[in-house]
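Undergrad: Here is a sequence with its predicted model. Questions after.
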Protein chains: 2
Amino acid sequence: MPRKTSRLFRYEKIANRIKQLIEKGTYRPGDRIPSVRQMSEQQVVSISSVLQAYLQLESEGLIEAKPQSGYFVCAPAASPLPEPEISSPGLDPSHVNLHDLMMMVMRDTLNPKLIQLGAAMPNLELLPTERMNRIMAGLARKASKGTHQYQLPPGLEKLRVQIAKRAVNSGCQLSPSDVVITSGGTEAIDICLHAVCKPGDIVAIESPMYFGTLQIIEVHGLRALEIPTNPRDGISLEALQFAIEHNPIKAVLTISNFSNPLGSCIPDEKKKELVELLTKYDIPLIDNDVSGEIYFTEKRPLVTKAFDTKGLVMLCSSFSKDISPSLRVGWVTPGRYQNAVEWLKFTLSASAPTLAQMAIAEFMESGGYDHQLRRLRREYAGNVSMLSQVVTRGFPAGTRVTRPLGGFVLWVQLPENVDSLDLYSMALKGGITITPGHLFSPTNQFHNFIRLNAAAWNLPIERAVERLGRMVSELVERG
Amino acid sequence: MPRKTSRLFRYEKIANRIKQLIEKGTYRPGDRIPSVRQMSEQQVVSISSVLQAYLQLESEGLIEAKPQSGYFVCAPAASPLPEPEISSPGLDPSHVNLHDLMMMVMRDTLNPKLIQLGAAMPNLELLPTERMNRIMAGLARKASKGTHQYQLPPGLEKLRVQIAKRAVNSGCQLSPSDVVITSGGTEAIDICLHAVCKPGDIVAIESPMYFGTLQIIEVHGLRALEIPTNPRDGISLEALQFAIEHNPIKAVLTISNFSNPLGSCIPDEKKKELVELLTKYDIPLIDNDVSGEIYFTEKRPLVTKAFDTKGLVMLCSSFSKDISPSLRVGWVTPGRYQNAVEWLKFTLSASAPTLAQMAIAEFMESGGYDHQLRRLRREYAGNVSMLSQVVTRGFPAGTRVTRPLGGFVLWVQLPENVDSLDLYSMALKGGITITPGHLFSPTNQFHNFIRLNAAAWNLPIERAVERLGRMVSELVERG
């Protein structure tokens, strides 16, 4: 008797296990499940137990045997539509923390039903996606074995040469060996912080600051000191100097050209003063130049690195905003921290994807990148201007809005009594996603601000911005 | 007069600047340099200053004007061979720190003149490089715009389905939503440590432990407690329990299947005990299964995750060792830390490269991965055995060597009086690279050990291993 019970138990266990794997979506309709022999070996049970389990599953209509082929998962009686990968949860954002809020805003981008004014995603319609696909297809066809080896730091030389060449336009004299390729621009910031700070250290940041950078600062256990920042000309040098004189600041983080979210651009002469100030105090500057090429003026603004005499400026950038977010290629010029950054890049993620590095190098070499950037600048300048006009026209009195000369985001200050989390909830219900100001400060300085993404512009977006304006008015009245 | 001096100075400055960019390799023979007008705008100097600079450079034979095209960098009189990207420095490794030593060992892999017994690089000849190139070329040809969007965590669903399916063979019931894709396996470990430890925490590790993991622990500011580990059956549970009872251990790190460098494999029953022990104390286990599929026995060893009842096992792996190191795709099953890991993945590097995820999913779906693994297991089993025989035959008395049942590295204990850094220097001079044992312990437990990579086997390698044996004998005698 005990043996029989035990065998029954085993067969049920196996049947249940497979049912669960079918429910979870690991085994899907049409998939072959392990053979009787494989399952018997895997689970160390007898062939007959497995057979019994499979017969049971067959009788329940969950699997079917195909002669000479094995057992397959059946299609359900009425085949349901594929389930959405990530839901747009009806959570009340005021009850979620900033991590969850950030992930919600990012995941909103996967919901094609929402009008996308939230995450600062580039407009895929304006990116050279087909061209990059052709280049990658061509490279993959003729690629050799060697391209499958790790591309150890500092990364693909061909790409570093192109980056160093291009840097001349922004006022830098770089050698290809001054550049380290990273797996996207975010990783570049992570590595720079590892190179110059240890947990507990204080870093000075522009305020408001892109929330992704704030969350890296949090992961590193650093303390962020928010420095007042002007929407036109960026971080206040007077306030920064005062902060430096009164705090052991270990690094300064800026987005000196077309900040996200402010759109501010530090004038070149002021960049020089910023670097001189930090040089005087021997403090490294981590400057994110991801939007530096997207200027609406006649000339590319210089980069802080152009004024760096002591190797203190760690200029970071990436190709995610102007070529493709999915290639995962960024870079940094680490100055005096070159060795540390190369070691950290290897230690934290070994290397960046090779084919993507090759493709970007080819695109730059061919002149395609220049052409692409000219198009982006023209289109984004137009979109930012249109969005700005509709906000100006449609939002209630008391609203203020930035007038950026580059990039593709607007920063909108709503009347004081409006909480942007309320607006976020309301907008989401109305099919619109925005980014609440809460995310841009570790001390919640911007509860009545929102960031709007101007990467795309069309009539439905225009209507959505108008609706958003009416929602703000409603919240003002509710006050 | 002052104006003239100033103009002379400017033209010289511009000429020198371009000379430097040519010397640094930023501008190379055949490259077009910025036009006179561009340079004048960039540097805010007069057209005539730039013209004077260019004439000067032309007269020095550094650049040449081409009608209707602009100024180009000339080829040097006698065109030198391209310079090697990274030198094999004649540094005495005993005077370098462990960071530099690790980077030296890794960079040795780029030197085609060296016999590669050092870094645990997979053998590219045995990887499906052509097949992956064809798949990627095909995917890139038909890819849509959407594939250029960020693949937010947890990553490409198609790939997570394949990973969850495959996990059944190693004893796990996973749903695709239990898996988070990372930019390689190294990043998975970095993220897991961020999720469960803060700086100053103590983590227990197998000893010896793969140096890459030790260096991540160092970056995180953690303290590593080395637990005795048997070359056959892995970490000592008695010692681990003792350590847990006497220290506030926040995580345990293992490579339970075919450890690097030991080759040890924790028997399945002992894996269960390990997980039960950690469950009792509520301590997470970060288990790197990167070699779990490369077994020489009849059956795949199970993974610790198979025994996880409380979501404490964070199983990490990657496709760098069995498909391609350059695709940069790894994964982790974070258990109860799922939300934290997804947030960290987004915060630290946004997403993993999309095309590579698609290509690996297709390769797995097609059955190509199974075929590839069968080949790798057969070849590596043979290579490990050959290498082991030659070490046994050619190394002096007092040498000990592991007998791994999977993976592709051997761990060799040399006679006590041999310092493996001396052997590393000597071997490098003789055209061979090895990994000194110093790298595998934060407290230098393994000064007389070396790790040898058995990924490839041929006559030159056999001869090199014999030479290495003679070098060891020489060092023993010198001792």
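TA: Thanks, I have it. Numbering: from 1, shown residues only, chains lettered A, B, ... in the order given.
Undergrad: can you tell me which residues contact A:Ser170?
TA: A:Asp289, A:Gly292, A:Arg300, A:Pro301, A:Leu302, A:Val303, A:Lys305, A:Ala306 (Cβ atoms under 8 Å, 6 or more residues apart in numbering or on different chains). Just so you know, the C-beta spots here come from the backbone N, C-alpha and C atoms, and that holds for glycine as well.
Undergrad: What does the nearest residue to the fourth one once chain neighbours are set aside show for phi and psi?
TA: Take A:Pro301 and drop its neighbours on the chain: the residue closest to it by Cβ to Cβ, 6 or more residues apart in numbering or on different chains is A:Asn257, 5.0 Å away. Recorded main-chain torsions at A:Asn257 are phi -110, psi 110, according to degrees, to the nearest 10.
Undergrad: can you check A:Thr435 too?
TA: The phi and psi values for A:Thr435, taken as degrees, to the nearest 10, are phi -110, psi 120.
Undergrad: Let me know the distance separating the closest residue to A:Glu276 other than its chain neighbours from chain B.
TA: Excluding the flanking residues, the one nearest A:Glu276 by Cβ to Cβ, 6+ apart is A:Phe307, at 7.3 Å. Taking Cβ to the nearest Cβ, to the nearest Å as the measure, A:Phe307 falls 14 Å from chain B.
Undergrad: And the pLDDT at A:Phe307?
TA: Here the pLDDT value assigned to A:Phe307 is 98.
Undergrad: Equivalent analysis for A:Leu355, please.
TA: So A:Leu355 comes in at 95 (pLDDT).
Undergrad: Which two among the contacts of A:Ser170 are spaced furthest apart?
TA: Among those, the pair separated by the greatest distance (Cβ to Cβ) is A:Arg300 and A:Lys305, at 13.1 Å.
Undergrad: ok, these two, which is more surrounded?
TA: Each of A:Arg300 and A:Lys305 has its neighbours counted (other Cβ atoms under 10 Å in any protein chain shown); A:Lys305 has more, 26 against 20.
Undergrad: Report the secondary structure state of that one.
TA: Here A:Lys305 is helix, with the state taken from DSSP: H, G, I helix; E, B strand; the rest coil.
Undergrad: wait, isn't it in contact with A:Cys172?
TA: Yes: look at A:Lys305 against A:Cys172 with Cβ atoms under 8 Å: they come within range, at 5.0 Å.
Undergrad: any common contacting residues for these two?
TA: Both A:Lys305 and A:Cys172 are contacted by A:Leu315, A:Thr333, under the criterion Cβ under 8 Å, 6+ apart.
Undergrad: that older thread, between the contacts of A:Ser170, which is closest to B:Glu474?
TA: Nearest to B:Glu474 among the contacts of A:Ser170 is A:Lys305, at 50.3 Å by Cβ to Cβ.
Undergrad: Now do the closest one against chain B, distance only.
TA: 14 Å.
Undergrad: can you pull the contacts of that residue?
TA: With Cβ under 8 Å, 6+ apart, A:Lys305 has these contacts: A:Ala167, A:Ser170, A:Gly171, A:Cys172, A:Leu174, A:Asp287, A:Val313, A:Leu315, A:Thr333, A:Gly335.
Undergrad: And for A:Pro34?
TA: Listed by Cβ under 8 Å, 6+ apart, the contact set of A:Pro34 reads A:Gln42, B:Val168, B:Asn169.
Undergrad: Any of those buried? List them.
TA: Neighbour counting by 16 or more other Cβ atoms under 10 Å in any protein chain shown classes A:Gln42, B:Val168, B:Asn169 among the contacts of A:Pro34 as buried.
Undergrad: Of the residues you listed, which belong to strands?
TA: Using DSSP state E, no member of those falls within strands.
Undergrad: mind putting those in a markdown table, distance to A:Leu327 and pLDDT included?
TA: Compiled in a markdown table, the buried ones among the contacts of A:Pro34 are given as follows (distance: Cβ to Cβ, whole Å; pLDDT from 0 to 100):
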| residue | distance to A:Leu327 | pLDDT |
| --- | --- | --- |
| A:Gln42 | 39 | 81 |
| B:Val168 | 33 | 94 |
| B:Asn169 | 32 | 93 |
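Undergrad: Any chance of those residues in JSON lines with distance to A:Leu98 as columns?
TA: Converted to JSON lines, the buried ones among the contacts of A:Pro34 look like this (distance: Cβ to Cβ, whole Å):
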{"residue": "A:Gln42", "distance to A:Leu98": "44"}
{"residue": "B:Val168", "distance to A:Leu98": "37"}
{"residue": "B:Asn169", "distance to A:Leu98": "40"}
